[in-house]
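K.L.:
sequence and predicted structure are below.
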Amino acid sequence: MTEPVNLNSILPARGDRVGLFGQTGSGKTTLARALLKHREYVVVCDPKRKISWPGYVQVDLRTLLKIDPLKYPKIIYKPTLAEIRDNKGTAINAFFRWVFERERCTLYVDELSLISRGDDYPSYYGVCLQQGRESDVEVISGSQRPMWIPQIAMSEAEHLYCFYLKLAQDRNRIENVAGIPAEEIEALAKQEFLYAPQEGAIVGPLRLQISSQLAA
């Protein structure tokens, strides 16, 4: 039976790392927006170039590297196709380096599989994950294809939220890493998710009360 959830009961602490997984349309990005609503400074990496949230300014990399981040508390960076396809990952890495050196913010990567190739990922993404706490940088990594993302994105996460995943290999990887049974992931309906903290029991299925959690 699906339980309604008060977001405050599963909200990550400042500095925690988060894995957020689910098929397109399952509710993953909506939950991400609700989590980010509670953070003052947010930088979103949107390689799918589909996010348009009220209160966020959209920038390219050149603009991002020049702006005063305190004047723009909520930012969406939309990498170009050329930046995504750059085999050396120079532009994407420059973005993550800016986030790390900027300090005091929450980084949300909406589709990590588009800017990583398994365990080949931008080096400063790893720096944000492993050393971000010292700079007050927390990381939320989202993907619809857990099979294609770096192991570090899940192993470093204190909180994992999983919506429906279509492919068995993706469900199996979540089960292997976070202990969420693959058959429970397969049985999730739209907007339902399972919550697996690093310490404690798996909770759910849960359903976010969207209208109240996203209200200003």
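P.N.:
Here it is on my side, so go on.
K.L.:
pick out the residue nearest the middle of the chain.
P.N.:
Nearest to the mean C-alpha position of the chain, by C-alpha atoms, centre = their mean, lies Ser141 at 2.9 Å.
K.L.:
hey, what's Phe21 bridged with?
P.N.:
Counting by DSSP bridges, Phe21 is bridged to Ser143, Cys162.
K.L.:
hang on, the earlier thing: can you confirm the residue nearest to the centre of the chain is in a strand?
P.N.:
Yes - Ser141: assigned to a strand according to DSSP: H, G, I helix; E, B strand; the rest coil.
K.L.:
that one and Val18 touch, don't they?
P.N.:
Yes - counting by C-beta atoms under 8 Å, Val18 is a contact partner of Ser141 at 7.0 Å. Glycine gets a C-beta too; all of them are placed from N, C-alpha and C.
K.L.:
what sits in contact with each of those two?
P.N.:
Both Ser141 and Val18 are contacted by Ala157, under the criterion C-beta atoms under 8 Å, 6 or more residues apart in numbering.
K.L.:
show the average pLDDT along the longest helix seen in the chain.
P.N.:
Identified as the longest helix of the chain according to DSSP state H is helix 90-102. The pLDDT scores in helix 90-102 average 92.
K.L.:
same check on stretch 190-203?
P.N.:
When pLDDT is averaged over stretch 190-203, the result is 89.
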